[in-house]
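Peer 1: Any chance you could fold what I've pasted below:
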Amino acid sequence: MKKIILLLLMATFVFAAPKFLMPDEAFIPSAKIDEDMNIQAKIDIAKDIYLYEKEIGIKILNDNGVTIKEIKSPKSVLHHDEMVFLKSPTFEITLQKDSSVSGVKNVELELSYQGCSEQGLCYEPLSKKFTYEVDTSKLSLASSKEVPKLDIAANAAEPSQVENTKESTDVSESDAIANTIGSGNITLILITFLGFGLLLAMTPCVFPMIPIISGLIVSQGNGITTRKAFALSLVYVLAMAVAYTIAGVLAGLFGANLQAALQTPWVIYSFSFIFVALAFSMFGFYELKLPDALVNKVSSSGNRSGYVGVAIMGFLSALIVGPCVAAPLAGALVYIGQTGDAVLGGMALFSMSIGMGIPLIVVGVSAGKFMPKPGAWMTMVTAIFGVMMLGVAIWMLERVVSYGVTNALYAMLGLGFAIYLGVFEKESHVFKKSVAVIVFIYSLAIFMGVLAGSSSLIKPLGFLVPSTTMQGGVVQDTDTHKSFTKVTSIAELDKLLAENKGKKVLLDFYADWCTACKELEHVTFANVDVKNKMDEFVLIQADVTLNGENEKALSSKYGVFGPPALIFFDENSEVLSSKTIIGFIEPAEFLKHLNQL
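Peer 2: Modelled structure (predicted):
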């Protein structure tokens, strides 16, 4: 019963988030001028909304000799360690003039402000402009000795920080999650991120860990008990959780893209080689184990043989096999980077990792619990896990080599496995033979696709579909959709944004070592309906593969902790922060997202 209640609470938070007010509902600014040429500026705030005192800015924009002499402000209160206005404030503004000024002058006053909701959402800086005809004969002369009693204007946001209020206050998923962490409810945070982890466990990023942990359990032999299988699986998951927590906290604190650092070619080649070595051990070429002296030493310390190796593999699997940056991880990193609260952010990441690991524990225990008596089946299962290990090794290589190379390796692996299953044997079992035939045909199709230049594993024979049509007796290429223009620095991006002022822009953060980026490219961006809709945008791709200073600066400017990330700009080249997408998104969902822009 307790578990059911816990799941209901988690589901309530994740899927029934509170509705936040639009900016023009949360804040209603107004200003009027009286007969004495004094201005009363007021900001009406909605229920559960408050304004930061230091973010209130009142200033005159045009320079015509009329300036602000004095600003009278209501008293602010301490709230969440900040001085704020919990009630709608009114500001009394007294004007003055230079000695050379006379007659009626047009005065443009700007009122800027920023506030938050008690529900956990902080609005971006906003501003409102008012224009008045001021009779300067009613103003006192300015004196250099006079200073405003309350210099609020000094605390005003810079013009570059003030954004137009037309944008919706719906925040992006990662920003909403960052706000969740910032709410300070530790129990709710940990439960929520545990739920996020369970959801992430269903994504392709975690799938490669399944053959690894299964292979580790099976390699222990037929004498393994359920208890030991559970213990080994738990050690694997805890090591994975520690790795995610350390990497996430360091990335947030130091601004370093550890994901990118761990995807450098030499690291990828090294760990791909490790999985090949693991696969060969599964095929019986040799036995991989710690030196007997080290095993005896570890055992004498109260540890059981195998735990150290499993922990190391769990740690490395988290860093290398599952580096995808999904919204929960990005949200935690955003919060850590903005506040430096590594403890709370690290706890959230650890809880998320445990959620990701729960299904892996189930897989590990199942591999130990439901193994029948030793027999020919063990050789087959071991071989299957060996093939899966080789598949993981090839999957890792996708980040540093071309699709042609990896697809050829996939084809060779599939053909070899089909032959091992007995595709050409007459006496083979009908089920085994059927599987072998399917694997052989599909692998052969992939190999043919490689020879024809196809890069798709989903449609390896797609090259057979004609890409041209006849119009008026002339061959026309049907693929006339826009393509991405690559940039690697802020200067290159700013230049393109300036050239395309007045157009909607889609910026895609991409890296060759990012598997989810390639999945986005070959699944979502390849969808016909998505292509048609994307033609309405200027397409720019920020290639951060090299992870150099220019790439780091570009990522930092837009708050991107790792690809893939999709950022949208409006016709004024302003970022639509609430529309940012972190991680992979399915074609149908992405198309719906585009239609809302």
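Peer 1: Ignoring the adjacent residues along the chain, who's closest to S428?
Peer 2: Nearest residue to S428, sequence neighbours excluded (C-beta to C-beta, 6 or more residues apart in numbering): G422, at 3.7 Å. Yep, even glycine has a C-beta here, placed from its N, CA and C like the rest.
Peer 1: now the residue in the chain sticking out farthest from the centre: how far from S99?
Peer 2: Distance from the C-alpha centroid of the chain peaks at S137, with 58.6 Å (C-alpha atoms, centre = their mean). Applying C-beta to C-beta, to the nearest Å, one obtains 13 Å for the distance of S137 from S99.
Peer 1: Please list all residues in contact with the residue farthest from the centre of the chain.
Peer 2: Taking C-beta atoms under 8 Å, 6 or more residues apart in numbering as the criterion, S137 is in contact with 102-103.
Peer 1: and the gap between it and D36?
Peer 2: S137 sits 11 Å away from D36, going by C-beta to C-beta.
Peer 1: Can you check the pLDDT for N257?
Peer 2: On pLDDT, N257 comes in at 50.
Peer 1: Also K75?
Peer 2: On the pLDDT scale, K75 is placed at 83.
Peer 1: Would you agree it falls within a helix?
Peer 2: No: assigned with DSSP: H, G, I helix; E, B strand; the rest coil, K75 falls outside any helix and is coil.
Peer 1: Domain ranges for this protein, per the record?
Peer 2: Residue ranges for each domain of the chain read 23-169, 178-401, 402-465, 485-595, as given by automatic domain parsing.
Peer 1: Contacts only, for the spatially closest residue to E398 that is not a sequence neighbour.
Peer 2: The spatially closest residue to E398, leaving aside those adjacent along the chain, is T406, at 4.9 Å (C-beta to C-beta, 6+ apart). Contact analysis of T406 by C-beta under 8 Å, 6+ apart lists 394-395, 397-398.
Peer 1: can you put those residues in TSV and add neighbour count?
Peer 2: Compiled in TSV, the contacts of T406 are given as follows (neighbours: other C-beta atoms under 10 Å):
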residue	neighbour count
I394	20
W395	19
L397	19
E398	21
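Peer 1: Next step: these restricted to helices.
Peer 2: In this view, the contacts of T406 that belong to helices under DSSP state H are 394-395, 397.
Peer 1: May I have stretch 388-400 as CSV, with CA atoms only?
Peer 2: Output of stretch 388-400 as CSV, limited to C-alpha atoms (Å, rounded to 0.1, in the frame of the first residue of the first chain):
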residue,chain,number,x,y,z
MET,A,388,25.6,-8.4,-27.5
MET,A,389,28.9,-7.3,-26.1
LEU,A,390,30.3,-6.9,-29.6
GLY,A,391,27.2,-5.0,-30.5
VAL,A,392,27.8,-2.5,-27.7
ALA,A,393,31.4,-2.1,-28.8
ILE,A,394,30.3,-1.3,-32.3
TRP,A,395,27.6,1.0,-31.0
MET,A,396,30.3,3.0,-29.1
LEU,A,397,32.4,3.3,-32.3
GLU,A,398,29.5,5.1,-34.0
ARG,A,399,30.6,8.3,-32.2
VAL,A,400,34.1,8.4,-33.8
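Peer 1: Give me the distance from it to the chain's centre.
Peer 2: Relative to the centre of its chain, stretch 388-400 is centred 23 Å away, using C-alpha atoms, centre = their mean, to the nearest Å.
Peer 1: what comes into contact with the helix or strand A542 falls within?
Peer 2: Element membership of A542, judged by DSSP states H and E, is strand 538-543. Identification of contacts with strand 538-543 by C-beta under 8 Å, 6+ apart yields 482-488, 493, 496, 500, 503-511, 551, 554-555.
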